[in-house]
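Enquirer: predicted coordinates and the sequence they were generated for:
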Amino acid sequence: MVDPAQFFAASRVVIVAGKGGVGKTTVSGALARAAAMRGLSTLIVEVEGKSGLASLFGQPPFDYDQVTLARGGGADGAADVTARTLTPDDALVEYLEDHGMSRVSRRLVSSGAVDMVATAAPGIKDILILGKVKQLEQARATDLIVLDAPAAGHAISFLRSARGLLDAVRVGPINAQARDVLEMLTNPARCQVILVTLPEETPVNELVQTAYSLEDEVGVSLGPVVVNGLYPQIEGLDADPVAAAAAVGAALRTGEADALAHAAAFRNHRMALQTDQVSRLAEMLPLPQLTLPYLFDADLGPTELDVLARELLAGIEGLEAR
Amino acid sequence: MSPKKPAAEGHTNASKPTKPMGAGASRTELQRLVREQEVIVCTGSGGVGKTTTAAVIALEGARLGRKACVVTIDPAKRLADALGLESLSNSPTRIDGPWKGELWALMLDTKTTFDDLVVGNAESEEQAQGILNNRFYRNISGALSGTQEYMAMEKLYELHQRTDFDLVVVDTPPTRNALDFLEAPRRLTHFLDHRLYRVLMTPTRGIVKAVNIAAQAFLRTISKVVGGDVVGDAISFFSAFDGMEQGFRDRAEATLELLSDDVTAFVLVTAPRRDVVDEATYFAARLTEAGIPVRALIVNRMHPRFAKGDAGATGERANTFAGTELGGLYRNLADFQQVASNEEEHLAGLAERVAPAPVVRVPFLPSDVHDLEGLGLIAAHLFPR
């Protein structure tokens, strides 16, 4: 049994990664909300600009400036969830200003030199963002930072940027920045990566690949894997609709027996496939799993997000202490 | 099971000027594109089945008797899996099968494609080698984001121009910025137009000492941030590149022309989830801005509806019989009716935006597709059979 508050406090930065379409942003939001429910103030850092995170919390879109997505307080003692979008340009300007180069900073950005430099040393944009995350982490402005990482294969190059840059840029502030970022990434007390997948074949395969690449090439510590979108169990799906109706003295309409049977067969089939994939994932990757249900009822909003957050808390409590 | 049209449910969209194309007509229209276009670009966000869709389209081209080639950029090699190939190389591989035409496939090797482009444009072997060995170049041609897109378009152009394929189908990488791949061919030429490049190269071309004092200060600042090596590499790259700009520029323009030509059709691929549809909608808007129409919308992974009527009524029956097997059966049916309604609701705006483009729906398939048989199964939902 694991105490969620300790789980979230174990590392100050949680990086959520996964391929497109697996619900990475939803999981980032739910994790942040779960941590906040246990009293940890949480900042979500978003890097791609249009992830739908704001609407998940029922809030207007945000950018570089920090906004509050879910206010804490109240009887349950929840903490705030805040969020901001980090862009390389903004991060660079801020970095240069902090390092006594404010005079040239705007010019560097507006002249497009960042693009040029980013080409000369790929990964520079990523390191600018990660450098900013590191700065936020060290400032301890919030208890936890949840970083919604770039999608798909880009997540690997994003996290690998620090190591790559150490080779490409041997001196100067970028080198120092890369060194600091790598230190954060490889320290389990400061940072862990939570990978998200769907219980489907291709996403599972890719998650396993990503997990090993991240461990080998970045040296980052991996937290539990989140398997998103599992169909919840329903009783009665194996029953014959006609018999089930007769048992309670109900009459079925024309065609209804078929519709009920087909729908039940579909769900049973999908659930069997999902179960297979979950165990396949467990075999291929020896990491604890947290599962989230597929929500049929409506679009995701603050209410559904809280449902998912509670699922995560329950899942974390069920993990075996390490 | 076949993809279903949205069931009429009381409130119809009265303001809509034209009736949306029916499922049958949509499939016929999509097939017409496969029969007539020379290039089909599959675009959309990650994880929506773009790669598989591209393979199915190429397969249909072959089935219709055309010589079709599918180009994929997906690093996960999913297309290779889908086509049952061990590996793909940078030149097309022919896949044998029971179709009238020919099916070819290739997995884009970004670096080799870029190298070929450099060698093809260089004035001498020496110039080519100078570039290929430069560290700045190796960075550009390797993992740099944007290069993949650029090379995909370059390969597309080459295959269209220099080979006898009737149809080239490309699967675009899941880019952060919706139109990265359209802007990609201009990337390098954008550098060549860049102020820094001009500062470095003029007036005495390649001699850094000659640049003016302001530019030197600028360079010093950059060197201070990223280190002098990096700037030095960039300078020697551009020196080596001298004389090749025009070739690259011409090629980039020609590629962009091909993408906006009538022989090219953009097919938007999406899934019916709200966030994915939002992204696809944004994508469609950007394409329209660029003067490129979406010629078809393919929606993968639609949940089946199983029965007419709405989830509310079924849900009530589920509540009435809660705790019994019948209650469970109704609850399950209500779940799928609800999801199907939500999905159609999400799609309505996008379908209207891309109208008169046909909208073709592919239902959630029983399992992942990784063989030709599976591709055929999807084809039966995309095209008239």
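Expert: Arrived safely. Numbers count the residues shown, from 1 in each chain, chains lettered A, B, ... in the order given.
Enquirer: which residues touch residue B:273?
Expert: The neighbourhood of residue B:273, defined by C-beta atoms under 8 Å, 6 or more residues apart in numbering or on different chains, consists of A:21, B:343, B:346. All C-beta atoms are positioned from the backbone trio N, CA, C, and that covers glycine.
Enquirer: what's the burial count for the second one?
Expert: Pointing back at residue B:343 there. 22 (other C-beta atoms under 10 Å in any protein chain shown).
Enquirer: next, the buried residues of the host helix or strand of it.
Expert: For residue B:343, the element it lies in under DSSP states H and E is helix B:325-354. By neighbour count, with 16 or more other C-beta atoms under 10 Å in any protein chain shown as the criterion, the buried positions of helix B:325-354 are B:325-344, B:346-347, B:350-354.
Enquirer: quick check: mean pLDDT of it?
Expert: Per-residue pLDDT over helix B:325-354 has a mean of 94.
Enquirer: okay, now the sheet partners of the helix or strand just after that helix, with direction.
Expert: Once the chain leaves helix B:325-354, the next helix or strand it forms, by DSSP H and E, is strand B:359-363. Counting by DSSP bridges, the strands paired with strand B:359-363 are strand B:294-302 (parallel).
Enquirer: filter the buried residues of helix B:325-354 down to the ones close to chain A.
Expert: With respect to chain A, and counting by C-beta under 8 Å from any C-beta of the partner chain, the subset of the buried residues of helix B:325-354 in contact is B:325-333, B:335-336, B:338-339, B:342.
Enquirer: of all those, which two lie farthest apart?
Expert: B:325 and B:342 (26.3 Å; C-beta to C-beta).
Enquirer: ok, now which ones touch the nearest residue to residue A:194 once chain neighbours are set aside?
Expert: Take residue A:194 and drop its neighbours on the chain: the residue closest to it by C-beta to C-beta, 6 or more residues apart in numbering or on different chains is residue A:223, 4.6 Å away. For residue A:223, the residues meeting the contact criterion (C-beta under 8 Å, 6+ apart) are A:11, A:14, A:192, A:193, A:194, A:287.
Enquirer: among those residues, which are in strands?
Expert: Among those, DSSP state E puts A:14, A:192, A:193, A:194 in strands.
Enquirer: please tell me I have it right and the third one contacts residue A:219.
Expert: No. Applying C-beta atoms under 8 Å as the test, residue A:193 and residue A:219 come out as separate, 10.9 Å apart.
Enquirer: my read: residue A:304 touches residue A:295, true?
Expert: Yes. Counting by C-beta under 8 Å, residue A:295 is a contact partner of residue A:304 at 5.4 Å.
Enquirer: residue ranges in the stretch 51-200 of chain A under the pLDDT threshold?
Expert: Scanning the stretch 51-200 of chain A for pLDDT under 70 picks out A:51, A:103-104, A:107-122, A:152-154, A:168.
Enquirer: sorry, that was for the stretch 151-300 of chain B
Expert: Within the stretch 151-300 of chain B, the stretches with pLDDT under 70 are B:174-219, B:222, B:225-228, B:230.
Enquirer: just the helices in it please.
Expert: Assigned helices in the stretch 151-300 of chain B, in chain order: B:180-192, B:195-201, B:213-226, B:228-241, B:245-260, B:274-289 (criterion: DSSP state H, counting those that start in this stretch).
Enquirer: so is the last one next to chain A?
Expert: The reference is to helix B:274-289. Yes. Judged by C-beta under 8 Å from any C-beta, helix B:274-289 comes into contact with chain A through B:274, B:275, B:276, B:278, B:279, B:282.
Enquirer: still on that earlier bit, more crowded one of residue A:193 and residue A:219?
Expert: Neighbour tally, residue A:193 and residue A:219, criterion other C-beta under 10 Å: the higher count belongs to residue A:193, 25 against 14.
Enquirer: and the more buried one, what is it in contact with?
Expert: Residue A:193 makes contacts with A:14, A:15, A:16, A:17, A:149, A:159, A:214, A:220, A:221, A:222, A:223, as judged by C-beta under 8 Å, 6+ apart.
Enquirer: do the same with residue B:300
Expert: Residue B:300 makes contact with B:48, B:49, B:52, B:53, B:269, B:270, B:271, B:362, according to C-beta under 8 Å, 6+ apart.
Enquirer: over to residue B:244?
Expert: If you count contacts by C-beta under 8 Å, 6+ apart, residue B:244 has them with B:118, B:121, B:122, B:123, B:127.
Enquirer: intersect those with the contacts of chain A.
Expert: Counting by C-beta under 8 Å from any C-beta, nothing from these sits close to chain A.
Enquirer: among those, which ones are in strands?
Expert: Within those, no residue falls in strands by DSSP E.
Enquirer: any idea how far the spatially most central residue of chain B is from residue B:44?
Expert: Per C-alpha atoms, centre = their mean, the C-alpha nearest to the average position across chain B is that of residue B:172, at 2.4 Å. Taking C-beta to C-beta, to the nearest Å as the criterion, residue B:172 is separated from residue B:44 by 8 Å.
Enquirer: joint contacts of these two?
Expert: If you check residue B:172 and residue B:44 against C-beta under 8 Å, 6+ apart, the residues they both contact are residue B:50.
Enquirer: pLDDT score assigned to the residue lying closest to residue B:166 once chain neighbours are set aside?
Expert: By the measure of C-beta to C-beta, 6+ apart, the closest residue to residue B:166 outside its immediate chain neighbours is residue B:66, 4.1 Å from it. The pLDDT attached to residue B:66 in the predicted structure is 97.
Enquirer: what's the residue lying farthest from the centre of chain A sitting at in phi/psi?
Expert: Ranked by distance from the centre of chain A (C-alpha atoms, centre = their mean), the top residue is residue A:249, with 48.0 Å. The phi/psi pair for residue A:249 (degrees, to the nearest 10) reads phi 70, psi 30.
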